[in-house]
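# predicted model and sequence below, questions to follow.
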Amino acid sequence: MNGTLSFAWLLPGILTLASTAVAPSYSQELNRGLQYNIRDVTMSLRRSPCFGTCPSYTLVIHGDGSGVYGGRAFVAVEGMQTFHLERDSIVALLKAFWEIDFQSLKTNYTEGRTVQVLQDGTLQFVAMNVSDVPLMFLKLEIGDSAKEIEFNHMYGLRSLIDLANRMDTMTNSSQWIQKK
């Protein structure tokens, strides 16, 4: 297949991410038969610090298999490290983004919501947010289209948390994160 993959199956959601002022609608792209190369893909995970000692780092994985780890705080290795993933791993990660319908998810899952009933029967809608929870950011870029989702382990979708953990596992990031 000479290194070129057709991402027509991925376009409906991905291309909706770009502003219509920047890119044509996905249906226009499909009608034009736009194809992407695996080298047009970038996937990233960023984990933020918390008030404690939560590891803060970034993983960037390119479609050609090259990757960069950037350790910021509370990690065993601060600074940049490079790695390489095999093509099968890149495709597996890309499929994982697709399987959770990443492109159609909200861009933020950092607060919970509940309803309280007051003594007089009045409903009170409450947004709950915890400030000392590390944030995670997953981003998928294909060509000129990109989407990033912010979430945490308290209010994030299980599928997003699992995908973030899968990226850590596939890149063996624990070698740079876990202090000995």
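Thanks, I have the structure now.
# contact partners of stretch 73-92?
Under the criterion C-beta atoms under 8 Å, 6 or more residues apart in numbering, residues 38, 41, 49, 53-57, 61, 63, 65-72, 170-172, 175-180 lie in contact with stretch 73-92. (C-beta placed from N, C-alpha, C; glycine too.)
# how about stretch 164-177?
For stretch 164-177, the external contacting residues (C-beta under 8 Å, 6+ apart) are 43, 45, 47, 55, 57, 59, 61, 67, 69, 71, 75-77, 81, 83, 85, 89, 92-93, 96, 136, 138.
# now the residues you listed: which count as buried?
43, 45, 47, 55, 57, 59, 61, 67, 69, 71, 75, 77, 81, 83, 85, 93, 96, 136, 138 (16 or more other C-beta atoms under 10 Å).
# now, which of those residues lie within helices?
Using DSSP state H, the members of the buried ones among the contacts of stretch 164-177 that fall in helices are Leu93, Ala96.
# among the buried ones among the contacts of stretch 164-177, name the ones in strands.
Judged by DSSP state E, the buried ones among the contacts of stretch 164-177 include 43, 45, 47, 57, 59, 61, 67, 69, 71, 81, 83, 136, 138 as members of strands.
# will you turn the residues you listed into a markdown table that also has distance to Asp101 and pLDDT?
Shown next, in a markdown table, are these (distance: C-beta to C-beta, whole Å; pLDDT from 0 to 100):
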| residue | distance to Asp101 | pLDDT |
| --- | --- | --- |
| Met43 | 15 | 98 |
| Leu45 | 18 | 98 |
| Arg47 | 23 | 97 |
| Tyr57 | 26 | 98 |
| Leu59 | 22 | 98 |
| Ile61 | 20 | 98 |
| Gly67 | 24 | 98 |
| Tyr69 | 27 | 98 |
| Gly71 | 31 | 97 |
| Gln81 | 31 | 98 |
| Phe83 | 28 | 98 |
| Met136 | 18 | 95 |
| Leu138 | 13 | 98 |
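# for those, which one is nearest Met154?
Met136 (11.1 Å; C-beta to C-beta).
# okay, and the beta partners of that closest one?
In this structure, Met136 bridges to Arg47, Phe151 when assessed by DSSP bridges.
# residue contacts, it?
Taking C-beta under 8 Å, 6+ apart, one finds Leu45, Arg46, Arg47, Ser48, Glu150, Phe151, Asn152, His153, Gly156, Leu160, Ile161, Ala164 in contact with Met136.
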